[in-house]
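Undergrad: Could you work out the structure for the sequence below:
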Amino acid sequence: MSTVLTGSCLCGATAFDIAGDLAPGTLCHCSQCRKQTSHVYSSTHIPRANLRLTRDAELRWYAASDVARRGFCGACGSVLFWDPRAEDKISVSLGAIAPPHPGKVVKHIFTADAGGYYPLDDSLDRAQED
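TA: Residues are numbered from 1 along each chain as shown. As a prediction, this is how the structure comes out:
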């Protein structure tokens, strides 16, 4: 039997299940993620087929660029997904997955865009772009 993880937004109006394993997590420092989350975005990439929405009446999508759209709860504003148009994977917010879960952040991405108000002083791998 495969593992199924559950997750939701803050108010519970948008909820999902994830079947299968999580990819190693990343901390994204791009300006879009910083503006949307007010800091950095922690996420895992999973095959799109492994994500099943169980409640989505409040799920909203914002076309942030030609590359991807961003999914969030229209009721409480929780940031949930980053959906790249040209991939068969989707990023899911690690903070939205119910604990305990095996997600672990292993690297920073888009560190060239990091905000000057916080240090990057840990031992995680770093990528200027990813």
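Undergrad: Not counting residues beside it along the chain, what's closest to Cys33?
TA: Nearest non-adjacent residue to Cys33, counting by CB to CB, 6 or more residues apart in numbering: Tyr41, 3.8 Å away. The way it works is simple: take the backbone N, C-alpha and C, and place the C-beta from them, glycine included.
Undergrad: wait, what's in contact with that neighbour?
TA: With contacts defined as CB atoms under 8 Å, 6 or more residues apart in numbering, Tyr41 is in contact with Leu27, Cys28, Cys33, Arg34, Val79, Trp82, Ser93.
Undergrad: pLDDT at Pro22, what is it?
TA: Wrong residue type there; residue 22 is Leu, not Pro. At Leu22, the pLDDT value in this model is 91.
Undergrad: how far away is Asp83 from His101?
TA: For Asp83, the distance to His101 equals 20 Å [CB to CB, to the nearest Å].
Undergrad: Show me which of these two is the more surrounded one.
TA: Asp83 (20 against 15; other CB atoms under 10 Å).
Undergrad: So the more buried one is in contact with Arg69, correct?
TA: Yes - counting by CB atoms under 8 Å, Asp83 touches Arg69, with 5.0 Å between them.
Undergrad: out of the contacts of Tyr41, who's nearest Ser123?
TA: Leu27 (12.8 Å; CB to CB).
Undergrad: My reading is that that closest one lies in a helix. Confirm?
TA: No - Leu27: not assigned to a helix; according to DSSP: H, G, I helix; E, B strand; the rest coil it is strand.
Undergrad: pLDDT below threshold where in the chain?
TA: Applying pLDDT under 70 to the chain flags residues 1-2, 128-130.
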